[in-house]
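S.K.: Please find the sequence and the predicted model below.
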Protein chains: 2
Amino acid sequence: MKAELICIGDELLIGQTINTNAAWLGEQLNMAGWRVNRTVCIADNRQDIINALNESAARATLVIITGGLGPTRDDITKSTLCTYFDSKLVVNQEALDRITGFFEKRGLPMLEANLSQAELPELCTVIQNTRGTACGMWFEKNKVVFISMPGVPYEMQGMTTDEVLPALSRHFNTPAIVHRTILTQGVGESFLAEKIADWEDSLLNEGVGLAYLPSPGAVKLRLSAYSGGTQSELKAKVARKEAELLKMIGEHVYGFEKQSLQTVLGDLLMQNSATLSCAESCTGGYLSHLITSIPGSSRYFQGGVICYDTSVKINTLGVPEDLILKHTVVSEEVAKSMAENVREKLNATYGLATTGIAGPDGATDQYPVGSIWIGLSGPNGTFARLFKFGNSRERNIQVAANSALNLLRKEILG
Amino acid sequence: MKAELICIGDELLIGQTINTNAAWLGEQLNMAGWRVNRTVCIADNRQDIINALNESAARATLVIITGGLGPTRDDITKSTLCTYFDSKLVVNQEALDRITGFFEKRGLPMLEANLSQAELPELCTVIQNTRGTACGMWFEKNKVVFISMPGVPYEMQGMTTDEVLPALSRHFNTPAIVHRTILTQGVGESFLAEKIADWEDSLLNEGVGLAYLPSPGAVKLRLSAYSGGTQSELKAKVARKEAELLKMIGEHVYGFEKQSLQTVLGDLLMQNSATLSCAESCTGGYLSHLITSIPGSSRYFQGGVICYDTSVKINTLGVPEDLILKHTVVSEEVAKSMAENVREKLNATYGLATTGIAGPDGATDQYPVGSIWIGLSGPNGTFARLFKFGNSRERNIQVAANSALNLLRKEILG
């Protein structure tokens, strides 16, 4: 079944806002069995909206509209939908109660404009918004379903997950679909593809699809069973395929679905009553930032030393000056010493260290830009591994930090 | 003049890739005097591409197409453009030489598919790509200009800046336009708007526009003169307006155009032969990460201590335990001590410290989530300032780090 998205807002067209809603909705709809044909961004302009609605309705059975539902004058989506569907605005009591409560709870004064957000087209089915004041709307016309939602991503996402996707599944009586996302780190798309080539070919006969979703340093694999059984039959089929896949590439898999390496590692540390400290040279704080971006990370993260200057490696961290003179700061020996010292000084179960050439400067004959040593010290001893990434400073920092997290994850798991 | 964008690629529709090209091109075209009417994303599908070209050409005088120019089988934009413009593919010698050189320089084997990238429609004007192997194409039909570019952002951006925008300006003989972007930190959009309300009203009569472009903790103000003089007259007019604006809100301005707070601060530190070290509690490494994201930051950044656990504040950083017991870790006294100690221990000109409640947990009666003390120690002494941000952990970390950078920038400037 075909769907189209219409994203409304001047800010999207002048480049002030990047349209993340289209990507998020595209993924959700794709996973729910919809084929998104086209995404259109238009301005907050009455005629443009009506034209876009007509065009999309001629091509698709589902049209999702985001944006233009705010309380200010330039938000004209709701009144334009009234015109398009030949309806009139009436107060929706549930919405009014919710909006009033929203402001009371926050001790904020409610404006006339907010009150008018409870006025909604008479013939739509109202979709309540538990995260904000703008309601969603469900219309039907000539067997096409139109859904209008606010453009604020947090509100739109909540509404889609909680209300829209279940309602679409009921309305269109869509067949059962089961997905499973398997997360890998440290190997490329083509490496994985080659390793599982024969198995991948056999998937087709079993009605299971496989998608590769690469990002810097990581590849997601998504197994999807779209047809050929009930929900629980498909679930069992995907679980069998997942088990087969894990046998082939399990060593590269760090988690499933929406997990991040830092959440997986954090959970592992807590399960083991273990703590972590970091000594960062080339990653410059990014590794610690990833770890501390998780709420509650203070339960296992002690802290770290960012030893950008060599003097900090020596004086604050206690790396022997001789060792640096003998091997230079980018070396296995210094990476190991950094990990050992930060573990000991910060009194943690594990110490992780990074030292290398993020670029663009600093390359040596031995170590081109992108060469990064990662050191790890723990109850079973200390070691370091050399990684070779690319030429982009930003990407080298990102991939090095993720590689460090994964190295420790594997160490804890033995 | 009206423009439309057509972005081609299955990955955009299934949500694997966020369409940053549309936002980037939207901003560039907007600044060049174009009104982007509509952005359309479609799949790598011949009929969809032809339909989209027809529709956009009926509404706009400029149609920019991105994506689908790669060497693989699913990239069909070039052959579809051949059909649409009734042209045939011929080898472009300049492109062939460039592509051959591209692979030779990197010592990579060249594939048949790459060679075919030098085959281009006979009637287009070829736009060379200095950053990759896919050429751009310029077509004209019924006074509408069509420009096709690769979807890789780095390649598309280089081509747009170096070739496309100058060529558009020549072709359409567009009037002179002058922009100036002024960057502020630490105050909101409505605060700025109120402070400059009368002046802003007067801009209209002078043919100057003002746009507010807010992001977390920062607001960009863009002055634009679109008409009423030569390039140099408009430049002078915008410079006068900028000077007036700086008189009113100069204390909140940290830079201009594409500068970041970390580059402005880095330049200031180098000009003053000064160095910096950071003691981070609630920002957890993000402050140091911002600083070290700049190539060459090792010239002024010594390093830092991420003192997430209280024991690290005491043992590694040397904050007196009594001070913490008396005032708690989130306090003016501890923020000052952290800044002083990291400055002294890491032997830097300045020490910056953050300690506060990033959230969601940890709030106290005195300090709700979002309360963050920033300490600064330097040649002129030590002080700390309390900031109150919001409820989002991610945003609190971001805005606190930027506020710390700005606090030091102001301190250095006196």
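M.R.: Structure received.

S.K.: Going by C-alpha atoms from here, please, whenever you check contacts or count neighbours.
M.R.: Will do.

S.K.: Convert the C-alpha atoms of stretch A:328-345 to CSV, please.
M.R.: C-alpha atoms of stretch A:328-345 as CSV (Å, rounded to 0.1, in the frame of the first residue of the first chain):
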residue,chain,number,x,y,z
THR,A,328,56.1,8.4,21.6
VAL,A,329,52.6,9.2,22.9
VAL,A,330,50.9,7.2,20.1
SER,A,331,52.1,3.7,21.0
GLU,A,332,50.9,0.5,22.5
GLU,A,333,53.0,1.0,25.6
VAL,A,334,51.5,4.5,26.3
ALA,A,335,47.9,3.4,25.6
LYS,A,336,48.4,0.6,28.1
SER,A,337,50.0,2.9,30.7
MET,A,338,47.2,5.4,30.3
ALA,A,339,44.5,2.7,30.8
GLU,A,340,46.3,1.2,33.9
ASN,A,341,46.9,4.6,35.5
VAL,A,342,43.4,6.0,35.0
ARG,A,343,41.9,2.7,36.4
GLU,A,344,44.1,2.9,39.4
LYS,A,345,44.0,6.6,40.1
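
S.K.: how about that stretch: buried residues?
M.R.: A:329-345 (16 or more other C-alpha atoms under 10 Å in any protein chain shown).

S.K.: Intersect those with the contacts of chain B.
M.R.: With C-alpha under 8 Å from any C-alpha of the partner chain as the criterion, the buried residues of stretch A:328-345 include A:Lys345 near chain B.

S.K.: mind listing which of the buried residues of stretch A:328-345 are in helices?
M.R.: Judged by DSSP state H, the subset of those located in helices is A:332-345.

S.K.: Mind putting the residues you listed into a markdown table with pLDDT?
M.R.: Shown next, in a markdown table, are those (pLDDT from 0 to 100):
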| residue | pLDDT |
| --- | --- |
| A:Glu332 | 98 |
| A:Glu333 | 98 |
| A:Val334 | 98 |
| A:Ala335 | 98 |
| A:Lys336 | 98 |
| A:Ser337 | 98 |
| A:Met338 | 98 |
| A:Ala339 | 98 |
| A:Glu340 | 98 |
| A:Asn341 | 98 |
| A:Val342 | 98 |
| A:Arg343 | 98 |
| A:Glu344 | 98 |
| A:Lys345 | 97 |
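
S.K.: farthest-separated two in the residues you listed?
M.R.: Longest distance between any two of those is 19.9 Å, between A:Glu332 and A:Lys345; criterion C-alpha to C-alpha.

S.K.: For the stretch 1-150 of chain A, what lies in contact range of chain B?
M.R.: A:12-20, A:22-27, A:29-30, A:36-43.

S.K.: Just the CA atoms from stretch A:380-397 would do, formatted as PDB, please.
M.R.: Taking Å, rounded to 0.1, in the frame of the first residue of the first chain, the C-alpha atoms of stretch A:380-397 are listed here in PDB:
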ATOM      1  CA  ASN A 380      42.300  -9.700  33.900                       C
ATOM      2  CA  GLY A 381      45.200  -7.400  33.000                       C
ATOM      3  CA  THR A 382      46.000  -4.700  30.400                       C
ATOM      4  CA  PHE A 383      46.200  -4.700  26.700                       C
ATOM      5  CA  ALA A 384      46.000  -2.300  23.700                       C
ATOM      6  CA  ARG A 385      44.800  -2.600  20.200                       C
ATOM      7  CA  LEU A 386      45.600  -0.500  17.100                       C
ATOM      8  CA  PHE A 387      42.700   0.700  15.000                       C
ATOM      9  CA  LYS A 388      43.100   2.200  11.500                       C
ATOM     10  CA  PHE A 389      40.200   4.600  10.600                       C
ATOM     11  CA  GLY A 390      40.100   7.200   7.800                       C
ATOM     12  CA  ASN A 391      40.900  10.900   7.100                       C
ATOM     13  CA  SER A 392      38.000  12.700   8.700                       C
ATOM     14  CA  ARG A 393      38.700  14.100  12.200                       C
ATOM     15  CA  GLU A 394      35.100  14.100  13.200                       C
ATOM     16  CA  ARG A 395      34.500  10.500  12.100                       C
ATOM     17  CA  ASN A 396      37.800   9.200  13.600                       C
ATOM     18  CA  ILE A 397      36.800  10.600  17.000                       C
END
